[in-house]
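S.K.: Any chance you could fold what I've pasted below:
(chains A and B)
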Amino acid sequence: MNAIQFLLVAAAVLWLASYLAQVRTQGLARLVAVVAAFAGITLVLFPGLSVRLAKLLGVTRGVDLVIYLSLVGIGFLWLQLATRMRALEGQLTELVRRIALDRAADPRSTPAQAAEPERPPATRS
Amino acid sequence: MNVSLPPADVWVIVRARNEAATIDAVLSELRSAGYRVLVVDDGSTDATAEIAIRRDALVVRHLVNLGPGAALQTGLAAALAVGAAFIANLDADGQHRVADLRPLLEPLAEGRADVALGSRFLRREDRLQVPFGRRVLLRGAVLVNALLTGRLLSDAHNGLRAFTRAAAASIQLREESFAYATELLDQVVKQRLRLVEVPVTVSYTRHTLAKGQTAWNAINVVLDFLAGKVFR
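M.R.: Have a look, this model is predicted:
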């Protein structure tokens, strides 16, 4: 094993471990992560494999094939993150609205009292 | 007006984010016209909420800034909760005239419509008030809205509107940003609410123009609306 192979395999193992350590990742995402990490490690340890696979698919170099595939992978990852972000924004809105309505209904908490220092609002409007 | 419409039956939602400079004039005018006023403070860091309380408005306060769509939805929910018969919406920056509320509410009170939207493009004198760049932008927005919702109107993203109680209860806005106006139109069309456009005058000052939308924002509106269709 040469230096770059060692580095890449170590990175893949670390990445997988930290990904799996996140409590919130769901079942399918975890499975995909495990498969992706092991596929990556295999390709790093057996460079000839990617070349043969590339030729089979009509790509000249093995590295090119890996780059193309990772671009597709990143695209999917981005989509997943965007979806989750949108869901989170929706939940935040729901929460902030609930608090706003509850406080308006409760005469003891006038908005003046509720004006404790908050973090600077994001600029969305 | 043929049907009597006591202004006290009408709750006017005023969305405000850091509008301390202009909101006092708007609120005092609304109060002297007899309307009930509901201010949705969308995460202001200035004295907007305090001024609104001093003007006897019901203040509902977003702890963080969520955007105009979320603020309108909060306003609708609050107005329904306090038993509003009619709900109107007017911006806090002074660009809308309080006098335009009556013609907006009239078709609702007479039972001719469920939703009334203000339009800057129904009367020549109103149209001429709109700066040229804004006019071009709004024409584009009107066409985009028509493509996305199937309903061709004369104006788009005009913050002056009114709802009957039943119509307001059927609206469920999920777009927090400016895309909400398109979403609103979409829901009005889908739920077959009766819609009228009413001529209104919008006055443009440097302040309102700075707060308003840019061409860049218009692209965001389309993308947000489409993303909302795909992701939810």
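S.K.: can you give me the helices for chain A?
M.R.: A:3-21, A:27-45, A:47-57, A:62-105 (DSSP state H).
S.K.: ditto for chain B
M.R.: Counting by DSSP H, the helices of chain B are B:23-32, B:48-54, B:68-81, B:101-109, B:124-127, B:132-149, B:165-170, B:180-190, B:206-211, B:215-231.
S.K.: By neighbour count, which bits of the first one are buried? Give me those.
M.R.: Yep, that's helix B:23-32 we're talking about. For helix B:23-32, the buried set under the neighbour-count rule, 16 or more other Cβ atoms under 10 Å in any protein chain shown, comprises B:23-24, B:26-28, B:30-31. Where you see a C-beta, it was placed from the backbone N, CA and C, and this is true even at glycine.
S.K.: Leaving out sequence neighbours, find the closest residue to residue B:15.
M.R.: In space, and not counting its chain neighbours, residue B:15 is closest to residue B:71: 4.2 Å by Cβ to Cβ, 6 or more residues apart in numbering or on different chains.
S.K.: residues contacting residue B:74?
M.R.: A:97, A:100-101, B:40, B:60, B:62, B:66 (Cβ atoms under 8 Å, 6 or more residues apart in numbering or on different chains).
S.K.: With neighbour count and pLDDT as added columns, please give the residues you listed in TSV.
M.R.: Formatted as TSV, those follow (neighbours: other Cβ atoms under 10 Å in any protein chain shown; pLDDT from 0 to 100):
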residue	neighbour count	pLDDT
A:97	20	96
A:100	27	95
A:101	16	94
B:40	32	96
B:60	30	95
B:62	23	96
B:66	27	95
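S.K.: touching chain A at all, stretch B:49-60?
M.R.: Yes - Stretch B:49-60 comes into contact with chain A (Cβ under 8 Å from any Cβ of the partner chain), by way of B:49-50, B:53, B:58-60.
S.K.: so of the helices of chain B, which one's packed in deepest?
M.R.: helix B:68-81 (a mean of 24; mean count of other Cβ atoms under 10 Å in any protein chain shown).
S.K.: average model confidence for that one?
M.R.: Here helix B:68-81 scores 96 as its mean pLDDT.
S.K.: again, but for stretch B:195-211
M.R.: Here the average pLDDT along stretch B:195-211 is 79.
S.K.: I'd like to know how many residues surround residue A:95.
M.R.: Under the neighbour criterion other Cβ atoms under 10 Å in any protein chain shown, residue A:95 is assigned a count of 12.
S.K.: now it: how far from residue B:154?
M.R.: According to Cβ to Cβ, to the nearest Å, residue A:95 stands 37 Å off from residue B:154.
S.K.: about what we covered before: distance to residue B:227 added to the helices of chain A, as a markdown table?
M.R.: Output for the helices of chain A, formatted as a markdown table (distance: least, Cβ to Cβ, whole Å):
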| stretch | distance to residue B:227 |
| --- | --- |
| helix A:3-21 | 26 |
| helix A:27-45 | 21 |
| helix A:47-57 | 32 |
| helix A:62-105 | 7 |
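S.K.: Surely the residue nearest to residue B:15 is in contact with residue B:40?
M.R.: Yes - contact criterion Cβ atoms under 8 Å: residue B:71 and residue B:40 qualify, at 4.5 Å.
S.K.: what residues are shared contacts of these two?
M.R.: B:15, B:62.
S.K.: Output the helices of chain B in a markdown table, with distance to residue A:56 appended to each entry.
M.R.: Formatted as a markdown table, these follow (distance: least, Cβ to Cβ, whole Å):
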| stretch | distance to residue A:56 |
| --- | --- |
| helix B:23-32 | 68 |
| helix B:48-54 | 65 |
| helix B:68-81 | 50 |
| helix B:101-109 | 67 |
| helix B:124-127 | 65 |
| helix B:132-149 | 44 |
| helix B:165-170 | 57 |
| helix B:180-190 | 47 |
| helix B:206-211 | 59 |
| helix B:215-231 | 34 |
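S.K.: neighbours of the residue of chain B found nearest chain A, just the number please.
M.R.: Nearest residue of chain B to chain A (Cβ to the nearest Cβ) works out as residue B:65 at 3.5 Å. If you count neighbours by other Cβ under 10 Å, residue B:65 ends up with 24.
S.K.: Point out where chain A drops to low pLDDT.
M.R.: A:23, A:25, A:105-125 (pLDDT under 70).
S.K.: repeat for chain B
M.R.: Looking at chain B by pLDDT under 70, you get B:1-4, B:206-217, B:231-232.
S.K.: Chain A contacts on that one?
M.R.: B:17, B:40-43, B:45, B:49-50, B:53, B:58-68, B:70-71, B:73-74, B:77-78, B:81, B:174, B:176-178, B:227, B:231-232.
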